[in-house]
Structures are given as C-alpha cells and as structure tokens.
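# fold the following.
(one chain, ligands or ions: 1)
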Amino acid sequence: MRIASFSVLVVLATVVTAANTVYFIRHGEKPADGGNGLNAQGVQRSQCLRTVFGASSPYNIGKIMAQTPKSNGKRTRPLMTVQPVATDLGLSVDISCDRDDPECVAKAVKAFDATGSTKNILICWEHDNLSNLAEALGMKRPPTYPDESFNLIWTDPVPYTNIIFVTSENCPGLD
Ligand SMILES: *[C@@H]1O[C@H](CO)[C@@H](O)[C@H](O)[C@H]1NC(C)=O
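This next block holds a predicted model:
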C-alpha cells in the first residue's frame, strides 16, 4: 500500500507541464512468434494508455505520432498502441513519418511548436529507433531503450537536448 502511493507521487512529480514537451514511448507487447500487431498484453497496454495520457492525466497531449504502417501489416504496432487514446482525445495520429526518418519527426515536432500550442507531444515508435528520434531532436548522447521493457516514458522537454526523466507507464497487471 505504501509502495503503491509512493510510486503514484513519484509519477506525478515527474510530469513536466511546460508546452511542447515530447514524451517518447515504445509500442505495446508483441506476439511471441514475431507476427504483426499486438498480443493480449499489448492490447491491454493500449487500453491502459487511455488513462495514462488521457484528458484527465497531467500530460496535456495535443499531438500524437506513430511510424508509418506498411501495407503488408508490418510496423503497425505503434499506431495500434496509441489509437485508443488518440480517439479519446479526438486527435488523428500523425503517421506521416517513416520508421527510419528521424528528421521527418524532428520537423513535425518543430512545426507543432511553431503553432504556439500549449500542449505536449506523444511519440510511439519501435524501441530501436527511439534513440535516433531523440538525437534528431537535439540530444547528443541519447539513452538506449532496453529490449525487455515496454513501459518506459522518456520525457524530453524543449529545447530537446536532454531526456530529463525515464518513468513507467505503471499499467496495472503489466508493470
Ligand atoms: C531502426 O531500427 C531498425 C531495427 O529495428 C534498424 O534496422 C534501422 O536501421 C533503424 N533505423 C535507423 C534510422 O537507424
């Protein structure tokens, strides 16, 4: 009980509310056979993210990005992971950037900043490519997202030179 309320406090204390903060996440859990899409836990995580990043959360999300899905069904996990919360928030997920095009992501983030928005940006991608995205935005030596984790949130505030927090989505039953 004590541990639970302590971790809630830690999470609240580490949410940055300044405008245009980027939150990087990985897609949800995948099938053991390496097939496309999410497994049951991944679907559960996508539902959990409705609470984590939803309108009642402190994250104040105004833009959501996911890598472009392939027409053969590959690379769809990031979109599937954020679609439920995007629907709740009335946002269409920006899937205009290819997995391997970090400059495209950096441009989209800067374009959003330039709108004068006071909201924040959620970016869901393949974990191997998250470092590249952080680097394209301005961080010199970004961390590596661990292969075994699906729950980490990297907080990258303006001017995007540093991931200042790594926190957990704390999804019940998963994390
Ligand atoms: C993205 O990650 C994949 C491995 O999952 C790798 O093959 C690819 O080169 C990476 N893209 C970039 C731009 O580094």
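
# work out which residue lies at the spatial centre of the protein.
Ile25 (2.9 Å; C-alpha atoms, centre = their mean).

# so for the helix or strand Ala136 falls within, what gets flagged as buried?
Here Ala136, judged by DSSP states H and E, is contained in helix 130-137. By 16 or more other C-beta atoms under 10 Å, the buried positions in helix 130-137 come out as Leu130, Ser131, Asn132, Leu133, Ala134, Ala136, Leu137. To be clear about C-beta, it is placed using only N, CA and C from the backbone, and glycine gets the same treatment.

# what are the C-alpha coordinates of that helix, in PDB please?
Backbone C-alpha positions of helix 130-137 (Å, rounded to 0.1, in the frame of the first residue of the first chain) are rendered in PDB as follows:
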ATOM      1  CA  LEU A 130      13.800   6.000 -30.300                       C
ATOM      2  CA  SER A 131      17.400   7.000 -29.700                       C
ATOM      3  CA  ASN A 132      17.600   8.200 -33.300                       C
ATOM      4  CA  LEU A 133      14.500  10.300 -32.800                       C
ATOM      5  CA  ALA A 134      15.800  11.900 -29.600                       C
ATOM      6  CA  GLU A 135      19.100  12.600 -31.400                       C
ATOM      7  CA  ALA A 136      17.400  14.200 -34.400                       C
ATOM      8  CA  LEU A 137      15.500  16.500 -32.000                       C
END
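
# what about Leu122, which SS state?
Going by DSSP: H, G, I helix; E, B strand; the rest coil, the secondary structure assigned to Leu122 is strand.

# what's the local residue count around it?
Look at Leu122: counted by other C-beta atoms under 10 Å, it has 26 neighbours.

# pretty sure it sits against Thr21.
No - assessed by C-beta atoms under 8 Å, Leu122 is found out of contact with Thr21, at 9.8 Å.

# of the buried residues of helix 130-137, closest to Cys104?
Ala136 (8.7 Å; C-beta to C-beta).

# any idea of the pLDDT on Val8?
pLDDT for Val8: 50.

# residues contacting stretch 82-95, please?
Residues from elsewhere that reach stretch 82-95 (C-beta atoms under 8 Å, 6 or more residues apart in numbering): 25, 46-47, 49-50, 52-55, 61-69, 79, 108, 122, 124.

# endpoint to endpoint, that stretch covers what distance?
Stretch 82-95 has an end-to-end distance of 11 Å (criterion: C-alpha to C-alpha, to the nearest Å).

# and His127, what does it touch?
Contacts of His127 (C-beta under 8 Å, 6+ apart): Arg26, His27, Tyr145, Pro146, Asp147, Ser149.
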